[in-house]
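Asks: got a structure for you, letters missing:
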């Protein structure tokens, strides 16, 4: 038995973690109800259970069509390993998360979104085919055309439909390892949201937002635009070795006063309307420079609370939530705001047309109280919480905000997943 936890460090559970080295072992393990787990970068308990089956053995390249940008890999391969292969050949991932330490299977199970949802959708939009081991022991292929119901349930399905063995994804061409980055300083939430509209043609858009400044206007931010740079030079690419954070830092060092000071310095030191070239790693994966940066929150861990609100009344509702966070005096070190494009048809996929805010909240009693209050606001305003970041959502909130959960359950039953795949999260949310 081992102690397992998500990237946020909360909650912690005792688990029997098995890492099979062959398909036959994966099939044999179907006798037990379990959940697949890749790199463990989901923040809460979506990859935790009494029985957990690791997929890191499945980390092999199957094929790479360099002419057409089609990559087939086993599901346990990381984005980081994929980048080392595809970038020198002039290709990039259509949608990438904020860390390269995520497996291909995890990216599909979370149907991850990046800084470019408004232009490019989610990861599943670039998935051509998935090979999956069902609870029945059968290995099948699924895509938007073949077994489309299984595809819609698997993309964003949090590993609850089966074990993803491999997948084929469509890549996007690039001419350089550089990103043209532009920073825009905004003094209020309204101004920030107006800038999302103004710069909507930019391929990548994300805003750092100050979730502690209580003086009005609320929501000062730095909008960070990005577009791939075009160059005729040969592509040279190498990822930096990260610096290790050796142990947990004392939790009291990260508080609303220290975070507030950091926010003020960061905002004042950032140049307005500055354009410069940055490398891919700096733009997409800045936190990958520090191994185990999550230890900054201390041994109690933290919760990343990410939600989306509909576009209608979105700014007003964001201000309501931002005010609640500031009044709670729970320091949020990281606040990230994005504007999503339209939702897709995947049954449990998170994004929808509107605004999404992610905040890191150090785990303490008042954090639990705050999240409960935020949940109530979200339900009343038509919002929902990202399952990959969730550690606390009650069953009632999930079933109210994920309207297609019953269809999802019926597809799991159809393909033999019920009784074979379950996580602590799925049990908490009232799924079978």
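Replies: Looks like it came in fine. What you see is a predicted model, and the numbers here were worked out from it, not measured in a lab.
Asks: Partner strands of the longest strand along the chain, with direction?
Replies: In the chain, taking DSSP state E as the definition, the longest strand is strand 163-173. Looking at strand 163-173 with DSSP bridges, its partner strands are strand 70-74 (antiparallel), strand 91-93 (antiparallel), strand 127-133 (antiparallel).
Asks: Report the mean confidence score over that strand.
Replies: Computed over strand 163-173, the mean pLDDT rounds to 98.
Asks: Within its sheet, name the partner strands of the next helix or strand after that strand and how each one runs.
Replies: As assigned by DSSP states H and E, the chain's next helix or strand after strand 163-173 is strand 178-186. Note on strand 178-186: by DSSP bridges, its sheet partners are strand 221-228 (antiparallel), strand 274-279 (antiparallel).
Asks: who are the neighbours in contact with residue 125?
Replies: Neighbouring residues of residue 125 by Cβ atoms under 8 Å, 6 or more residues apart in numbering: 94, 95, 344. C-betas here are computed from N, CA, C, even on glycine.
Asks: try 10 Å
Replies: Residue 125 makes contacts with 94, 95, 111, 117, 144, 155, 169, 170, 344, 346, as judged by Cβ atoms under 10 Å, 6 or more residues apart in numbering.
Asks: For the fourth one, grab the count of nearby residues.
Replies: Going back to what we said before, that points to residue 117. Other residues lying near residue 117 total 25 when counted by other Cβ atoms under 10 Å.
Asks: Likewise for the last one?
Replies: Taking other Cβ under 10 Å as the criterion, the count of residues near residue 346 is 21.
Asks: again with the second one
Replies: Using other Cβ under 10 Å as the criterion, residue 95 is surrounded by 23 other residues.
Asks: Look at it and report its pLDDT.
Replies: 98.
Asks: you'd agree it is up against residue 102?
Replies: No. The pair residue 95 / residue 102 is not scored as a contact, 11.5 Å apart, by Cβ atoms under 10 Å.
Asks: hey, what's in contact with both of the two?
Replies: Common neighbours of residue 95 and residue 102, counting by Cβ under 10 Å, 6+ apart, are 112, 123.
Asks: re the thing from before, including mean neighbour count, could the strands paired with strand 163-173 go into TSV?
Replies: Below are those laid out as TSV (neighbours: other Cβ atoms under 10 Å):
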stretch	mean neighbour count
strand 70-74	21
strand 91-93	22
strand 127-133	21
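Asks: Redo these as TSV? Include distance to residue 177.
Replies: What follows is the strands paired with strand 163-173, written out as TSV (distance: least, Cβ to Cβ, whole Å):
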stretch	distance to residue 177
strand 70-74	18
strand 91-93	9
strand 127-133	24
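Asks: List just the one of these that sits closest to residue 180.
Replies: Distance to residue 180, taken as Cβ to Cβ, is lowest for strand 91-93 among the strands paired with strand 163-173, at 14.4 Å.
Asks: how far does the closest one sit from the chain's center?
Replies: A distance of 18 Å separates the centroid of the chain from that of strand 91-93, by Cα atoms, centre = their mean, to the nearest Å.
Asks: Which SSE is immediately downstream of that strand?
Replies: helix 104-110.
Asks: Would you mind checking the average pLDDT for that following helix?
Replies: For helix 104-110, mean pLDDT is 98.
Asks: and what of stretch 270-281?
Replies: Average pLDDT, stretch 270-281: 89.
Asks: Same question for stretch 1-13.
Replies: Mean predicted confidence for stretch 1-13 is 94.
Asks: can you check stretch 30-44 too?
Replies: For stretch 30-44, mean pLDDT rounds to 96.
Asks: And that stretch, what's buried?
Replies: Within stretch 30-44, the residues that count as buried by 16 or more other Cβ atoms under 10 Å are 30, 33-44.
Asks: now stretch 355-366
Replies: Applying a neighbour-count criterion of 16+ other Cβ under 10 Å, one finds 355, 356, 357, 358, 359, 360, 361, 362, 363 buried in stretch 355-366.
Asks: can you put those residues in JSON lines and add pLDDT and secondary structure?
Replies: Putting those into JSON lines (pLDDT from 0 to 100; DSSP: H, G, I helix; E, B strand; the rest coil) gives the following:
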{"residue": "355", "pLDDT": "98", "secondary structure": "strand"}
{"residue": "356", "pLDDT": "98", "secondary structure": "strand"}
{"residue": "357", "pLDDT": "97", "secondary structure": "strand"}
{"residue": "358", "pLDDT": "97", "secondary structure": "strand"}
{"residue": "359", "pLDDT": "95", "secondary structure": "strand"}
{"residue": "360", "pLDDT": "93", "secondary structure": "strand"}
{"residue": "361", "pLDDT": "92", "secondary structure": "strand"}
{"residue": "362", "pLDDT": "89", "secondary structure": "strand"}
{"residue": "363", "pLDDT": "91", "secondary structure": "coil"}
